[in-house]
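Novice: Below are the sequence and a predicted model for it; my questions follow.
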Amino acid sequence: MQEIAPGVYVNLDFRGCNVGLIETDDGNILIDTPMIPSESRRWLEYIRQITGNKPILYVINTDHHRGHVLGNQYYDAPVIAHDLAWKNMRGYGANFCQRVVDSFKREPKIQAELADLRIVRPTITFDTRMDIDHGGRTVRLIHVGGHTEATIVIWLPEEKVLFAGDTVWWDQHPYMAQANSKQWLDALRQIRKLHPQIIVPGHGPLTTVEATEPLSAYIRYVRRQVRIRIRRGYSKQETASSLVKQLVPMFTVNPDRRGKIESQIKQAINRVYNEYKKGAEAEEQDEDQEKEIAPDEVEESETEAGSTVSEAGAVEDSDDAEYRSALADVGSRLDGDVDDDEGDNDDEDDDEEDDDDLDDLDEDGIDE
Ligand SMILES: [Zn+2]
């Protein structure tokens, strides 16, 4: 537990996600909740030690993934999240709970703890933005999407602290199985415009706004590489198999984690591939309407001119060097060695089709 601004605390030690506490004169506002019941109780004890008997006013969930929401039941406070988080969590029934329990098959103690699992869904939801002005604090909730359709960030304008949820990853590969990559790039741009002094990512150590640059570079790179292959007529499988080989060496990967990182990268590629395919279909259906070119597309199209496909089918990109140096700037912090102490997830290879329900478990099977 550490105080990152007066009355603003984080705990980065729990499994599932980083959690935050914002103390106000009237009570406490919590950001995300630890997924393991004993850890959620411990978090509550810490909160009481620091803030005494102040009530918990709200729990905010930055997205609907289980790593962020499973502990909601321990705080006896209304949960706030995006409209679409509520929609996604509507499907968290008995089946979902059983699969959560099953995913801890190597940890019977946690399975026993989860016997009382009860899903607490948001009761207050919003679409684009919500401000909470309470007890001398301003807490701004902003919908950014990207990582999931429901992803929000929490901005404290006075303290210049940003709780980025899973929008910012800087010490591990971003989880993209439910992502919209274009929206994610916009989200990172929005974050940079806020000029935060401290960023609390959903996972991993605290960071600063500089961490958004290599992530943007990576997402842009994947998008460009996927698009080049689509234009060359590659199938989804061909795109994934050629591109995974190209991307894996960019990450520091512990050999026994290689399968995991490959699977994460493949999920990202498939997701981006689908994004472009869906976009192309929509365009075909709507041929009469002139396509509006977003600034982002222009930026990418320009750089794409330098890309070629070699005889062997490997895509060479003149921006490789630029990308690699951007990545080298942060050392190899953006590595693939995810903190996966939950054991293997049975669903992890099931990434050929978009199955949002599986993805909910998948992501947090790797502690998203
Ligand atoms: Zn997430």
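Specialist: Perfect, I can see it now.
Novice: give me the residue from the stretch 101-250 of the chain nearest the ion.
Specialist: Residue of the stretch 101-250 of the chain nearest the ion, by Cβ to the ion: residue 166 (3.7 Å). Every residue, glycine included, has its C-beta placed from N, CA and C.
Novice: any idea how far that residue lies from residue 176?
Specialist: 10 Å (Cβ to Cβ, to the nearest Å).
Novice: Give the residues shared as contacts by these two.
Specialist: residue 147 (Cβ atoms under 8 Å, 6 or more residues apart in numbering).
Novice: Quick check, the residue of the stretch 101-250 of the chain closest to the ion in contact with residue 203.
Specialist: Yes - in this structure, residue 166 is within contact of residue 203 by Cβ atoms under 8 Å, at 7.1 Å.
Novice: of those two, who's got more company?
Specialist: residue 166 (28 against 23; other Cβ atoms under 10 Å).
Novice: Wait, residue 120 touches residue 70, no?
Specialist: No - judged on Cβ under 8 Å, residue 120 makes no contact with residue 70 at a distance of 9.1 Å.
Novice: Among those two, which residue is more densely surrounded?
Specialist: residue 70 (27 against 21).
Novice: That one - that's part of a helix, no?
Specialist: Yes - per DSSP: H, G, I helix; E, B strand; the rest coil, residue 70 lies within a helix segment.
Novice: and it, how far is that from the ion?
Specialist: For residue 70, the distance to the ion equals 12 Å [Cβ to the ion, to the nearest Å].
Novice: what stretches of the protein score poorly on pLDDT?
Specialist: 286-368 (pLDDT under 70).
Novice: what packs against the strand or helix carrying residue 259?
Specialist: Following DSSP states H and E, one finds residue 259 within helix 258-285. Applying 3 or more Cβ pairs under 8 Å, 6 or more residues apart in numbering; DSSP states H and E, we find helix 258-285 packed against helix 181-194, helix 212-231, helix 236-247.
Novice: any idea which of those is most buried?
Specialist: Comparing these by mean neighbour count (mean count of other Cβ atoms under 10 Å), helix 212-231 comes out on top with a mean of 21.
Novice: In the stretch 1-150 of the chain, what residue comes closest to the ion?
Specialist: Counting by Cβ to the ion, the stretch 1-150 of the chain gets nearest to the ion through residue 65 (3.6 Å).
Novice: Look up phi and psi at that residue.
Specialist: Torsion angles at residue 65 (phi, psi; degrees, to the nearest 10) stand at phi -70, psi 150.
Novice: one step back: JSON lines for the helices and strands packed on helix 258-285, including distance to the ion?
Specialist: Conversion of those to JSON lines gives the following (distance: least, Cβ to the ion, whole Å):
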{"stretch": "helix 181-194", "distance to the ion": "12"}
{"stretch": "helix 212-231", "distance to the ion": "14"}
{"stretch": "helix 236-247", "distance to the ion": "21"}
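Novice: quick one: the strands in the chain?
Specialist: 2-5, 8-11, 19-23, 28-31, 56-60, 79-82, 124-126, 129-134, 137-143, 152-156, 161-165, 198-201, 307-309, 315-317 (DSSP state E).
Novice: Sheet partners, orientation included, of the fifth one?
Specialist: Strand pairing for strand 56-60, determined by DSSP bridges: strand 28-31 (parallel), strand 79-82 (parallel).
Novice: ok, and what's touching that strand?
Specialist: 24, 26-33, 47, 72, 75-81, 124, 132, 134, 141, 152, 154.
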